[in-house]
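Mind folding the following:
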Amino acid sequence: MRVAELWRYPVKSMRGEPLQRAELRADGIAGDRRVLVADARGRVITARTRPRLLGHHATLGADGEPLVDGRPWRSDDVARDIAAAAGEGAHLVAYDGPGRFDVLPLLVATDGAIEALGHDRRRLRPNILIGGVAGLDERTWEGRALRAGSTIIGVDSLRARCVMTTFDPDTLAQDMAVLERIVREFDGRLALNCDVIQPGTIAIGDPVELIDTVRAT
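Sure, this is the predicted structure:
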């Protein structure tokens, strides 16, 4: 097995950026989900209810600050786009707490499961895509760990999938049949909720080894 892809999403619910190398910290990939979309009351808004957010592309600038479609996330132009995509009063906020993740800091997908699904892997919004995995082997990994690069990643559970899988990552066209199939054939769960046991660096092409969980006591 090997690291096939790495993804970071500097703004939650927007398209992310592929990476060649990433720093894994205790709270996931450095720079991931640095900024959230909130409504006028400060409640977090996601693409589950505002799918037009997926039409915007978030990257991390050289200064470590997120960019939205190549523009500083605090710019007036971006503010107008966010309101148009997510409703009047919607705005971007910086937040580095654990609540910025839906479950755990990392989502790990495998090529075998994605091939079985038969749809674009970007619908699953993984942080790490592991190649060289046979079929649905990921479904036997819960409670174990993955060694990749200088990191060790803990595998907690299979991810329960939601309506975000139904949106085409390029056109935003919705196809509910994608989620219906995940529910029907995969018990509603695909890819893995993971955390970082041993921080370090990880890069495309790094070998990946499935090991027993090793955690500090």
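
How far away from the center of its chain is the helix-or-strand element of the chain with minimal mean pLDDT?
Least confident helix or strand of the chain, by mean pLDDT, DSSP states H and E, is strand 44-45 with a mean of 94. Between the centre of strand 44-45 and the centre of its chain there are 16 Å (Cα atoms, centre = their mean, to the nearest Å).

same deal with stretch 147-154?
The answer for stretch 147-154 is 17 Å, by Cα atoms, centre = their mean.

List the buried residues of that stretch.
Residues 147-149, 151-154 are the ones in stretch 147-154 that count as buried (16 or more other Cβ atoms under 10 Å). All C-beta atoms are positioned from the backbone trio N, CA, C, and that covers glycine.

Could you do stretch 43-54 as well?
Of all the residues in stretch 43-54, those buried under the rule 16+ other Cβ under 10 Å are 45-47, 50-54.

Distance across that stretch, terminal residue to terminal residue?
18 Å (Cα to Cα, to the nearest Å).

which residues sit in contact with the closest residue to Thr110 other than its chain neighbours?
Spatially, and ignoring its direct neighbours in sequence, Thr110 is nearest to Val133 (3.8 Å; Cβ to Cβ, 6 or more residues apart in numbering). Residues in contact with Val133 (Cβ atoms under 8 Å, 6 or more residues apart in numbering) are 1, 110-113.

Give me the buried subset of the residues you listed.
If you count burial by 16+ other Cβ under 10 Å, the buried members of these come out as 1, 110-113.

among those residues, which are in helices?
Under the assignment DSSP state H, the buried ones among the contacts of Val133 contribute 111-113 to helices.

wait, which of those residues is closest to Ser13?
The nearest member of those to Ser13, counting by Cβ to Cβ, is Ala113 at 22.8 Å.

and stretch 106-123, how far out from the chain's middle?
Taking mean C-alpha positions (Cα atoms, centre = their mean), stretch 106-123 and its chain are 12 Å apart.

could I get it in CSV with only the CA atoms?
Provided in CSV are the C-alpha atoms of stretch 106-123 (Å, rounded to 0.1, in the frame of the first residue of the first chain):
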residue,chain,number,x,y,z
LEU,A,106,-8.5,13.0,9.3
LEU,A,107,-10.6,11.2,6.7
VAL,A,108,-8.8,8.3,5.0
ALA,A,109,-10.1,6.7,1.8
THR,A,110,-8.8,3.7,-0.2
ASP,A,111,-8.7,3.1,-3.9
GLY,A,112,-10.3,-0.3,-3.5
ALA,A,113,-13.5,1.1,-1.9
ILE,A,114,-13.7,3.9,-4.3
GLU,A,115,-13.5,1.5,-7.2
ALA,A,116,-16.3,-0.5,-5.7
LEU,A,117,-18.4,2.7,-5.4
GLY,A,118,-17.7,3.7,-9.0
HIS,A,119,-17.8,7.5,-8.5
ASP,A,120,-15.3,10.3,-8.3
ARG,A,121,-13.2,10.0,-5.0
ARG,A,122,-13.6,13.7,-4.5
ARG,A,123,-17.2,13.2,-3.5
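
Pull out the buried residues from the helix or strand that comes right after the least confident helix or strand of the chain.
Sequence-wise, the next helix or strand downstream of strand 44-45 (DSSP states H and E) is strand 58-60. Along strand 58-60, these residues count as buried under the neighbour rule (16+ other Cβ under 10 Å): 58-60.

elements contacting strand 58-60?
strand 17-19, strand 66-68 (3 or more Cβ pairs under 8 Å, 6 or more residues apart in numbering; DSSP states H and E).
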